[in-house]
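Trainee: starting from these lines, generate the structure:
(chains A, B, C and D)
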Number of protein chains: 2
Amino acid sequence: MISEDEILAQLAGCGLRVTGARRAITRVLLETDCALTPAQMCDLARRHWPGIGLVTAYRTLELLAQLGYARRLHSEDGCHSYVRASCGHRHDLICQSCGRVVEFEGCDLSDLLQRVEAETGFAIRQHMLELAGLCPRCQELAERMAQ
Amino acid sequence: MISEDEILAQLAGCGLRVTGARRAITRVLLETDCALTPAQMCDLARRHWPGIGLVTAYRTLELLAQLGYARRLHSEDGCHSYVRASCGHRHDLICQSCGRVVEFEGCDLSDLLQRVEAETGFAIRQHMLELAGLCPRCQELAERMAQ
DNA sequence: TTGTGTGCAAAATCTTTGCACTTCG
DNA sequence: CGAAGTGCAAAGATTTTGCACACAA
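Mentor: Residues are numbered from 1 along each chain as shown, chains lettered A, B, ... in the order given. The predicted structure is shown next:
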């Protein structure tokens, strides 16, 4: 997993400034497993950088998303939260119980895509896939509760 | 594709009332190929039932979604638009050029899901998949433009 | 020193709620 | 007739914008 310093170095490399607010949001993004809204990120970021404003959280998250370090999650209701993201083409797997988000790669959809292209005549260019279920920890908990 | 009358009959069957506003929103939902926001649906619905209010559009779309006749689309930005939906487990294929939405079924992800379950230990319960690309009509147009 | 980045306040959106009036059944 | 459904206005929530000031580089 990428480190805070690497991201900040990347910022600097792009001619962007490394500020306390950006540092704080970046840290919060990497610190947590779950998808959080800009407002939640902002609250947590205040621990590292008191006085950070919500607007800055919005702007910084959008920036980090453009650079590929954050991704918006599109679960049933909340399309408004961000998770840390590795670079490249990845997808997210969300725990329906604790909210933890885990990435996975290597989504081989080629058979499916070919079939759908043949059936519909579309030329498919993008896909968006999100999986949800129970993480190992929450499965255990659920089993213990059931006894 | 299901008809307006069938949906309205279903409403009545559930003990819900068939009103002018519901009829209008239902018609708009079935009339269009594209995903539309509640506000857009409301505007279009006024042609069939002048004076319909935005709030009613919100409420009716939520109702139709619960009954399975509409689905929210989760494309990159707009997670706020609805499309007509057939019953059962289907996915959407969106034309990036004209916005037309086509459904497809039979998403066989079992290999992928098994692999991800094995890798992560998650018990996967749900998946959300959306494809995007160019519909046949827009492909032709693009080719003609290129010449 | 300079201009990017920030915070605040305010505006613009989008969505939900409360309530009296309509209207379907 | 009675209760579900509607529209309006207002409240809430979320996101964006404008602008003066702060502070990385």
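
Trainee: neighbouring contacts of stretch A:25-32?
Mentor: For stretch A:25-32, the external contacting residues (C-beta atoms under 8 Å, 6 or more residues apart in numbering or on different chains) are A:1-4, A:7-8, A:36, A:41-42, A:44-45, A:48, A:52, A:56-57, A:60-61, A:64, A:69-70, A:82-84. In short, each C-beta sits where N, CA and C put it, glycine included.

Trainee: contacts with chain B among those residues, please.
Mentor: Of the entries in the contacts of stretch A:25-32, not a single one is placed beside chain B under the rule of C-beta under 8 Å from any C-beta of the partner chain.

Trainee: out of these, which are buried?
Mentor: Neighbour counting by 16 or more other C-beta atoms under 10 Å in any protein chain shown classes A:7-8, A:36, A:41-42, A:44-45, A:48, A:52, A:56-57, A:60-61, A:64, A:69-70, A:82-84 among these as buried.

Trainee: next step: those restricted to helices.
Mentor: Mapping the buried ones among the contacts of stretch A:25-32 onto helices (DSSP state H) picks out A:Ile7, A:Leu8, A:Met41, A:Cys42, A:Leu44, A:Ala45, A:His48, A:Thr56, A:Ala57, A:Thr60, A:Leu61, A:Leu64.

Trainee: how is chain A carved up into domains?
Mentor: In the assignment given by automatic domain parsing, the structural domains of chain A cover A:1-87, A:89-147.

Trainee: now the ones you listed in JSON lines, with distance to B:Arg23 and mean pLDDT?
Mentor: Listed next are these as JSON lines, based on distance: least, C-beta to C-beta, whole Å; pLDDT from 0 to 100:
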{"stretch": "domain A:1-87", "distance to B:Arg23": "28", "mean pLDDT": "94"}
{"stretch": "domain A:89-147", "distance to B:Arg23": "30", "mean pLDDT": "93"}
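
Trainee: who's in contact with the residue lying closest to A:Cys79 once chain neighbours are set aside?
Mentor: Across the structure, with C-beta to C-beta, 6 or more residues apart in numbering or on different chains as the measure, the residue nearest A:Cys79 apart from its sequence neighbours is B:Cys79 (3.4 Å). Contacts of B:Cys79 were listed using C-beta under 8 Å, 6+ apart, and they are A:His74, A:Cys79, B:Arg72, B:Leu73.

Trainee: apply 10 Å and report the result again.
Mentor: Counting by C-beta atoms under 10 Å, 6 or more residues apart in numbering or on different chains, B:Cys79 touches A:Arg72, A:His74, A:Ser75, A:Glu76, A:Asp77, A:Gly78, A:Cys79, A:His80, B:Arg72, B:Leu73.

Trainee: kind regards, and thank you for your time.
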